[in-house]
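Q: Sequence first, predicted coordinates after that:
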2 protein chains.
Amino acid sequence: MQPLSDQAVQDQLAQLDGWVLTRGQLTKEFSFKDFDEAMSFVNKVAKLAQLANHHPDIRISYNRVNLQLSTHSVGGITAKDFELARALVR
Amino acid sequence: MQPLSDQAVQDQLAQLDGWVLTRGQLTKEFSFKDFDEAMSFVNKVAKLAQLANHHPDIRISYNRVNLQLSTHSVGGITAKDFELARALVR
């Protein structure tokens, strides 16, 4: 797995809803009605992450969930990150 | 609910295992065998948070879980934060 070029990252980002590049990571913040709904989403994310064997960093702040994706092993963003980002919908 | 004095925070911190004061929040990092174990712990934390009606910020980074506690409504650390911290054991 190779890191994508900056241009490839920008091109693929443009096709995703709400994901941005923050400090070298694909990042999206999701808001929910309350903590219970946020946790339901986090558990859905966890299942998808296990299936993909690729794990975003997850931050939960009451009703907000922030996801950050990158491929640590290659020090960049790969096709795998975009594949998972596309699956991580609420 | 009143914020605790700095001295009271330090006194109570000294009685807790592994919790430190970071940027005005009670913070502890827990490490697990893998992501599944980390998520099990997060779900336990979520249940205790709902029972206490008090919600730590939670960060999950693969097998590591970072918890941060403060009482936003009073802009400080309260007895409620310490009560929950004592319950948040692995």
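A: Arrived safely. These figures come from a predicted structure and were not determined experimentally.
Q: Strands of chain A, start to end?
A: Under the criterion DSSP state E, strands of chain A are mapped to A:20-22, A:25-31, A:57-61, A:64-69.
Q: Pull the residues that contact the third one.
A: Residues outside strand A:57-61 that contact it (Cβ atoms under 8 Å, 6 or more residues apart in numbering or on different chains) are A:25, A:35, A:38-39, A:42, A:45-46, A:65-69, B:42, B:57-61. The way it works is simple: take the backbone N, C-alpha and C, and place the C-beta from them, glycine included.
Q: Could you tell me the angle between it and strand A:64-69?
A: Between the axes of strand A:57-61 and strand A:64-69, defined by axes from the mean of the first three to the mean of the last three Cα atoms, to 10 degrees, the angle is 170 degrees.
Q: Strand A:57-61 vs strand A:25-31, what angle?
A: If you take the same axes, to 10 degrees, strand A:57-61 sits at 30 degrees to strand A:25-31.
Q: in strand A:57-61, what's buried?
A: A:57-61 (16 or more other Cβ atoms under 10 Å in any protein chain shown).
Q: what does the last one give?
A: The neighbour-count criterion (16+ other Cβ under 10 Å) identifies A:65-69 as the buried residues of strand A:64-69.
Q: And it, how far out from the chain middle?
A: Going by Cα atoms, centre = their mean, to the nearest Å, the spacing between the C-alpha centre of strand A:64-69 and its chain's C-alpha centre is 6 Å.
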